[in-house]
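Visitor: I'll drop the sequence and a predicted model, then ask my questions.
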Amino acid sequence: MGQLPSYNSFSEKNEKFSQDQFAYRIDTIDQFDEWYNSLTDKIKQKSEKSKIDYVNTDNMFRGMGEAKHKLLTSSQRFWITNELEQWWRPKRYLEFIKVFVDNARSKLLFRKVFEYYRLTPNQRDFPLLSILQHYGAPTPLMDWSYNLDVALFFATEKASPSYSSNDIDHYFSVYQIDKKKQRKNEFNNLLDWSQGSFPQISSFYEWENNHNSIFYISDFEDKRIPTRSFIDERPITTFYNQNIIPQEGLFIFNPFPTKPLEDCFNTDHWQNGNNLELIPFTCYNIKKDLGEYIRRKIKLKGVDNRFIYPNLKDYCQNLIEEFLDQAAKR
């Protein structure tokens, strides 16, 4: 079985990420509160300035329970641990992804759904990938969120104190990409990049030869798809998963078989094969001992397990119970 790459130390990891006053480590409650309040205030100010009422899409966040882990998609982890390069040679990595998409495409249930949404067969690859991502199949998509509290939930969900002698094992991480810091038109939404169409996986077979081809996929931004003679709006990421809405979730598409996402954002201009000039994003390493405090803090804002993984049956049952309680008070 193949071994997933990881960081052995913070000195190794810090070379890949942008640094600010909090980026190296957050070790105490006071440090966390200072960082959290500063960052949330900045986000709030940007939202008020741009008059965004619902979701601030300037920043995207990802929480991970282990600081040592590199940012790999589920299909990269599947590819590496099963050493599929040896099985699949000489076919491309993205051809392995296309097998999963084509198998899903053949299922009657998915056909019915996409016919209802009037998506033609050549528009279905990325909506199918979003479904596969939701339900545990390996995909080249990585979950991110526009909501810092959601990222903190996932970072602390399974984090527990470590007894390792390696310092990095005692931390989890929250990653932040500020789109405004990236050069214009360098880091785009899928539908901006493709000028409103849903591309197919086969369109990206040659991307493995590029150095850092990356885009993100979001239903919270422009999701117009030209069809026949009109422009219509249809979701990409929220098929079969309303969790995306409370989580304010989006995906980043990484087309490479083994390159971690952070490596795609570390490039020198005019480097051989460098088709985009993406600059490093930020990583905050937070001590696992603070996990319970952070879970309680974001729970006070309504971000807990019931919010992240809503069960509508339970919600409706609670409404019945609330009504009966109110009726009994008469």
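Guide: That came through, no problem.

Visitor: which stretches of this protein aren't confidently modelled?
Guide: Where the chain drops to pLDDT under 70, the residues are 21-23, 46-54, 210-212, 222-234, 267-275, 330.

Visitor: The stretch 201-330 of the chain: strands as residue ranges?
Guide: 215-217, 224-227, 230-233, 249-253, 282-287 (DSSP state E, counting those that start in this stretch).

Visitor: Mind giving me the packing neighbours of the first one?
Guide: Read that as strand 215-217. strand 188-189, helix 190-193, strand 249-253 (3 or more Cβ pairs under 8 Å, 6 or more residues apart in numbering; DSSP states H and E). Any C-beta I mention is one placed from the backbone N, CA and C, and that applies to glycine too.

Visitor: got it, and the fourth one?
Guide: The elements that strand 249-253 packs onto, with contact taken as 3+ Cβ pairs under 8 Å, 6+ apart, are helix 125-134, strand 141-145, strand 215-217.

Visitor: would you list those in a markdown table and tack on mean neighbour count and distance to Ile279?
Guide: Shown next, in a markdown table, are the helices and strands packed on strand 249-253 (neighbours: other Cβ atoms under 10 Å; distance: least, Cβ to Cβ, whole Å):
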| stretch | mean neighbour count | distance to Ile279 |
| --- | --- | --- |
| helix 125-134 | 22 | 26 |
| strand 141-145 | 23 | 17 |
| strand 215-217 | 22 | 16 |
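
Visitor: For Leu72, which of the ones you listed is the nearest?
Guide: Ranking the helices and strands packed on strand 249-253 by proximity to Leu72 (Cβ to Cβ) places strand 141-145 first, at 8.1 Å.

Visitor: Identify the single longest helix in this protein, thanks.
Guide: helix 29-50 (DSSP state H).

Visitor: Against Asp125, how distant is Leu242?
Guide: Quick fix: residue 242 is Gln, not Leu. Distance from Gln242 to Asp125, counting by Cβ to Cβ, to the nearest Å: 22 Å.

Visitor: neighbours around Met1, how many?
Guide: Neighbours of Met1 under the rule other Cβ atoms under 10 Å: 7.

Visitor: And for it, nearest residue in space, chain neighbours not counted?
Guide: Thr81 (5.5 Å; Cβ to Cβ, 6 or more residues apart in numbering).

Visitor: Please tell me I have it right and the one you found contacts Ser74.
Guide: No. Thr81 is not in contact with Ser74 according to Cβ atoms under 8 Å; the separation is 10.7 Å.

Visitor: More neighbours: these two, which one.
Guide: Taking other Cβ under 10 Å, Thr81 and Ser74 do not tie; Ser74 has more neighbours (17 against 12).

Visitor: where's the nearest residue to that one once chain neighbours are set aside relative to Trp207, distance?
Guide: Distances taken as Cβ to Cβ, 6+ apart place Pro138 nearest to Ser74, at 4.7 Å, with adjacent residues excluded. Distance, Pro138 to Trp207, using Cβ to Cβ: 18 Å.
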